[in-house]
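> when you get a sec, could you give me coordinates for this:
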Amino acid sequence: MSFTRTAARAAGTLASIARVPIWLAGVAGADKSFSKNPILGNPTLNRLGLHVARVQLAGRMAERRRARLGALIDPADRAAFDRDGIVIKRDFLDPEAFRALKEEVFGRSFPARELRQGQAVQRMVPLGRDNLPGLPQLAALTRNPTLRGLTYYAASRAGEPVYYLQTVVAEPDGPNDPQTALHADTFHATTKGWFFLHDVAEEDGPFVYVPGSHCATPERLAWEREQSIAARSAANSHHAAGSFRIREEELGALGYGKPVRVAVPANTLVIADTFGFHARAPSLRASTRVTVHTYIRRNPFLPWTGLDPKALPGLRGRELSLYLGFQDLKRRLTGHGASWRRVGPVAIDAPAQI
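Numbers count the residues shown, from 1 in each chain. Just a heads-up that it's a prediction; the model follows:
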């Protein structure tokens, strides 16, 4: 028995040693989980400043990349983003184009996936080369130069964005939704965008953003250091995974103001840097809203803005579908993997299927 335990410990040690190069590569890349990467989660290294150094270096690189991308967007939008970390553009499409887009999206079924998070069910329909050729209005939106320019600038990098139709079905009587807690997605500049096909009222659980929180104040850096030291053992799994949660009453001490609810009419585009603190407000009534969602995720330490391998032929427009396919395979082989469940062809605004 003693020999068996010793052998098991030795095997575990060897396996850990074999993973060290992967963990080190993660430190130089976009890895953010303090619980999965023991180098990132090491309290001693974070007391010495590992996490804060990554935040600061990623911030400097983002500033340099954005300086090269500024010509892609309207000066007023650039000023708004630099100040607030978010841009809101109402009446984004002309009325005829918006009407045609809605006619294309509603009244048909799409192969979809769903994910339940507390009181909210999210539905996802990836948009890419497999379906956009048959969806000309959506294809035109994904090529829109204003949408692309804002996405690039907010993400601080060009490349191939991911697009998908997103439905949020709010069920107020459900359990707590983890997305209703104020949080930052990761340690570096990154972007999420939503083009709203429905009106979103105050009661419908709108997007919430803390203006200016995309900028790392000295107080924010001190807070990041404090969080990083204990993050790997945090009770909140999202916090331990590097998506730090914060209470509203803590914001003032970091140099930020109060959160703003982004209740908007249909045909509004919202682009935000989700290094800034944000959340989904709890919905006070049952509601369904549909958006075209976009994001870009790349290594935050790269000096260049383009050269995205996901834009190569064969990969362009397939990043999300390939990722979901890999997660499905992983689940079949290991029992762990995709949280997004296939629900078959459904109308984009249908009731939740899970």
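> now the spatially most central residue of the chain, what's its secondary structure?
In the chain, the centroid-proximal residue (C-alpha atoms, centre = their mean) is residue 192; its distance is 5.6 Å. With DSSP: H, G, I helix; E, B strand; the rest coil as the basis, residue 192 sits in strand.
> what residues sit buried inside the helix or strand residue 110 falls within?
Assigning secondary structure by DSSP states H and E places residue 110 in strand 109-117. For strand 109-117, the neighbour count (16 or more other C-beta atoms under 10 Å) marks 110, 112-114, 116-117 as buried. The C-beta positions use only the backbone N, C-alpha and C, and glycine is treated the same way.
> now that strand: how far from the chain's centre is it?
Centre-to-centre, strand 109-117 and its host chain are 17 Å apart (C-alpha atoms, centre = their mean, to the nearest Å).
> would you confirm that residue 302 contacts residue 61?
Yes - counting by C-beta atoms under 8 Å, residue 302 does reach residue 61; the two are 7.3 Å apart.
> okay, the two: which has more neighbours?
Neighbour totals were compared for residue 302 and residue 61, and residue 61 leads with 20 against 16 (other C-beta atoms under 10 Å).
> I figured the more buried one was touching residue 303, is that so?
Yes - under the contact definition of C-beta under 8 Å, residue 61 touches residue 303, with a separation of 6.5 Å.
> so where's the protein uncertain?
1-16, 174-176, 338 (pLDDT under 70).
> would you map the helices across it?
2-27, 43-47, 50-69, 75-84, 95-105, 136-142, 145-155, 218-230, 237-240, 319-334 (DSSP state H).
> to residue 35, which of these lies closest?
Nearest to residue 35, of all those, is helix 237-240, at 4.2 Å by C-beta to C-beta.
> quick one: distance of the closest one to the chain centre.
15 Å.
> again, but for stretch 31-39
Taking C-alpha atoms, centre = their mean, one finds stretch 31-39 lying 18 Å from the centre of the chain it belongs to.
> got the buried residues for it?
Result for stretch 31-39 [16+ other C-beta under 10 Å]: buried residues 31-35, 37.
> greatest separation within those: which pair is it?
Using C-beta to C-beta, the two most remote members of the buried residues of stretch 31-39 are 31 and 35, lying 11.3 Å apart.
> of the helices of the chain, which stretch is the most buried?
The highest mean neighbour count among the helices of the chain, using mean count of other C-beta atoms under 10 Å, belongs to helix 145-155: a mean of 22.
> so the residue nearest to the centre of the chain is in contact with residue 276, correct?
No - Residue 192 is beyond contact range of residue 276, at 10.4 Å (criterion: C-beta under 8 Å).
> want to throw the buried residues of stretch 31-39 into a markdown table with distance to residue 153?
Formatted as a markdown table, the buried residues of stretch 31-39 follow (distance: C-beta to C-beta, whole Å):
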| residue | distance to residue 153 |
| --- | --- |
| 31 | 24 |
| 32 | 22 |
| 33 | 27 |
| 34 | 29 |
| 35 | 32 |
| 37 | 29 |
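> separation between residue 51 and residue 23?
Distance, residue 51 to residue 23, using C-beta to C-beta, to the nearest Å: 14 Å.
> for the stretch 251-354 of the chain, what spans make up the strands?
Listed in chain order, the strands of the stretch 251-354 of the chain (DSSP state E, counting those that start in this stretch) span residues 260-262, 268-273, 278-280, 287-296, 341-347.
> using CSV, write out every CA atom in the last one.
The one in question is strand 341-347. Output in CSV follows, covering the C-alpha atoms of strand 341-347 (Å, rounded to 0.1, in the frame of the first residue of the first chain):
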residue,chain,number,x,y,z
ARG,A,341,-26.1,22.0,-24.7
ARG,A,342,-27.4,21.4,-28.2
VAL,A,343,-31.2,22.1,-28.4
GLY,A,344,-31.8,21.5,-32.1
PRO,A,345,-33.4,23.9,-34.5
VAL,A,346,-35.4,26.5,-32.7
ALA,A,347,-36.7,30.0,-33.3
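> and it, what's buried?
Neighbour-count burial for strand 341-347 flags 343, 346 (criterion: 16+ other C-beta under 10 Å).
> tell me the contacts of residue 319?
By C-beta atoms under 8 Å, 6 or more residues apart in numbering, residue 319 lies in contact with 128, 160, 162, 310.
> that concludes my questions; thank you for your assistance.
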